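# what would the 3D arrangement of this be:
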Amino acid sequence: MTATESPAGGRRGGRVAIATAVVAAIVVVVLTTRATPRQPFDVGSPTPNGWGALAELVELNGGTVRTSAASALVRDDLGGSDTVVVVARPSRLTTQEREALDDAVVAGSTVVLGAPEGLPDSLELGGLDDRTLADTEDRPMAPGECTMDELAGLGPIDAAFVVEQPVPVDARSCYGTARSALVVVEDVGEGRLVTLADPLLWSNARLQPAKETGGQPLDNAAMALRLILPGEGVEVVAIDPTPSPGATTAGGRDPLELLPVPVKLALLQGAVALVLYLWWRGRRLGRPVTERLPVRIAASELVEAVGDLLRRRGSAARAAATMRADLRRELSGRLGVPPGSPPEVLVEQVATRTGRPGDAVRAVLWDPSPPRREDLATLAAQLDSIRQEVLDDQPVR
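This next block holds a predicted model:
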């Protein structure tokens, strides 16, 4: 069974496939040229979950802020007493980047972690949209058992959506108790490690909760400035919250979520193109038709039929020559006799295979005398007998 294709249908299918591919390419170009959405807790983001307001406050108070990729922790030397490294989402760092961060603290840097290492922040756990983050009223929390001189004298901060973290031994803490608090400071080597319970404490929306309904700011911003600006001329290096390749984030996130938007769109375009190609090539555009197959007959039957036809036309010599030449060609191919060899070579091979006398074989295959019409049947029988004995290895009994 085969299929015929309509030329008009094939052209129409080709035009549909080309048009679809063009539309997909345009969509990819438009989407990839749009601005990539800001990551949560990005110091350049004005969204409710961004840290843009904090960056402006730092610069207004004599500090400088710059963003650096997480890979710079391994590649560059970010240590120094006049440098504060801020990592909003430490769970997105690779093992090497975390080790480099520890080395920077030992060397004398101040490192601020937006959340405890190895634990997901509230946004990674899901369930918070921008509207909820901005409109939820504040949940004031007093300093409590505060053992941090840096935060002495501050008032309550907003602790909505935030869960207290454990306080390690020999660490100082504030806004909580001696066992769990929202802010923890550890002296490590020549530097200090500041750990927040959640980066939402410094997000734009929580610096002044429910702003649109008259909410008042608490001391979240003041706490941030005291922790990351111990003096003027401090450079704050904010690590890009975009996950590094190879990072294992907490919270069970889908790896596809960590791919850049252009890569996701390219994968989507490739999948669409593959589906369209398989659909286009897999269609049957024409009505199935049945082809007439040629009739296959045995070679011996064909020769006999031709001989019989020639005999009936009165050409006995030509019929005999045709049948003999056809059998000689078959025998030469089976016995490996090269074309153009002397007749004695083929006669000897056939005589050896069949056990017939050589003269008898030669008479059957090369007798030059023209046979009579009534002798053609006998000649055909003799030729067929030799054919069976040599080619089929089945002697006639």
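# and the strands in this structure, which stretches?
2-3, 64-68, 83-87, 110-113, 140-141, 157-158, 165-166, 172-176, 180-188, 191-196, 235-239, 288-289 (DSSP state E).
# any stretches of the stretch 201-350 of the chain with poor pLDDT?
244-260, 283-286, 288-289, 293-315 (pLDDT under 70).
# quick check: buried residues in stretch 221-233?
Counting neighbours by 16 or more other CB atoms under 10 Å, one finds that the buried residues in stretch 221-233 are 221, 222, 223, 224, 225, 226, 227, 228, 229. Every residue, glycine included, has its C-beta placed from N, CA and C.
# repeat for stretch 177-197
Buried-residue list, stretch 177-197, by 16+ other CB under 10 Å: 180-186, 191-197.
# domain map for this protein?
Listed domain ranges for the chain are 2-35+268-282, 52-259, 299-391 (source: automatic domain parsing).
# out of those domains, which gets nearest to residue 44?
The closest of the domains of the chain to residue 44 is domain 52-259. By CB to CB, the value is 6.0 Å.
# ok now that closest one, how far from the chain's centre?
35 Å (CA atoms, centre = their mean, to the nearest Å).
# now residue 132: how far from residue 197?
Residue 132 is 19 Å from residue 197, where distance means CB to CB, to the nearest Å.
# scratch that, residue 151 is what I was asking about
Where residue 197 is concerned, residue 151 sits at a distance of 14 Å (CB to CB).
# list residues touching both of those two?
residue 183 (CB atoms under 8 Å, 6 or more residues apart in numbering).
# what about the spatially most central residue of the chain, distance to residue 336?
Nearest to the mean C-alpha position of the chain, by CA atoms, centre = their mean, lies residue 267 at 6.9 Å. According to CB to CB, residue 267 and residue 336 sit 61 Å apart.
# do the same with residue 77
83 Å.
# low-confidence bits of the stretch 51-200 of the chain, can you list those?
In the stretch 51-200 of the chain, residues with pLDDT under 70: 78-81, 126-127.
# pretty sure residue 105 sits against residue 187.
No - applying CB atoms under 8 Å as the test, residue 105 and residue 187 come out as separate, 9.3 Å apart.
# so for these two, which residues contact both of them?
residue 193.
# what are the ranges of the helices in the protein?
With helices called from DSSP state H, the chain shows them at 7-33, 52-60, 72-75, 95-106, 130-135, 204-207, 220-228, 261-282, 299-312, 316-335, 343-354, 358-366, 376-391.
# out of these, nearest to residue 88?
helix 52-60 (10.0 Å).
# tabulate the domains of the chain (CSV), appending distance to residue 45.
Converted to CSV, these look like this (distance: least, CB to CB, whole Å):
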stretch, distance to residue 45
domain 2-35+268-282, 12
domain 52-259, 5
domain 299-391, 84
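# what's the most buried one of these?
With neighbours taken as mean count of other CB atoms under 10 Å, these reach their highest mean count in domain 52-259, at a mean of 18.
# circling back: let's have the strands of the chain in JSON lines, adding distance to residue 121.
What follows is those, written out as JSON lines (distance: least, CB to CB, whole Å):
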{"stretch": "strand 2-3", "distance to residue 121": "59"}
{"stretch": "strand 64-68", "distance to residue 121": "18"}
{"stretch": "strand 83-87", "distance to residue 121": "11"}
{"stretch": "strand 110-113", "distance to residue 121": "10"}
{"stretch": "strand 140-141", "distance to residue 121": "18"}
{"stretch": "strand 157-158", "distance to residue 121": "16"}
{"stretch": "strand 165-166", "distance to residue 121": "11"}
{"stretch": "strand 172-176", "distance to residue 121": "17"}
{"stretch": "strand 180-188", "distance to residue 121": "13"}
{"stretch": "strand 191-196", "distance to residue 121": "9"}
{"stretch": "strand 235-239", "distance to residue 121": "14"}
{"stretch": "strand 288-289", "distance to residue 121": "62"}
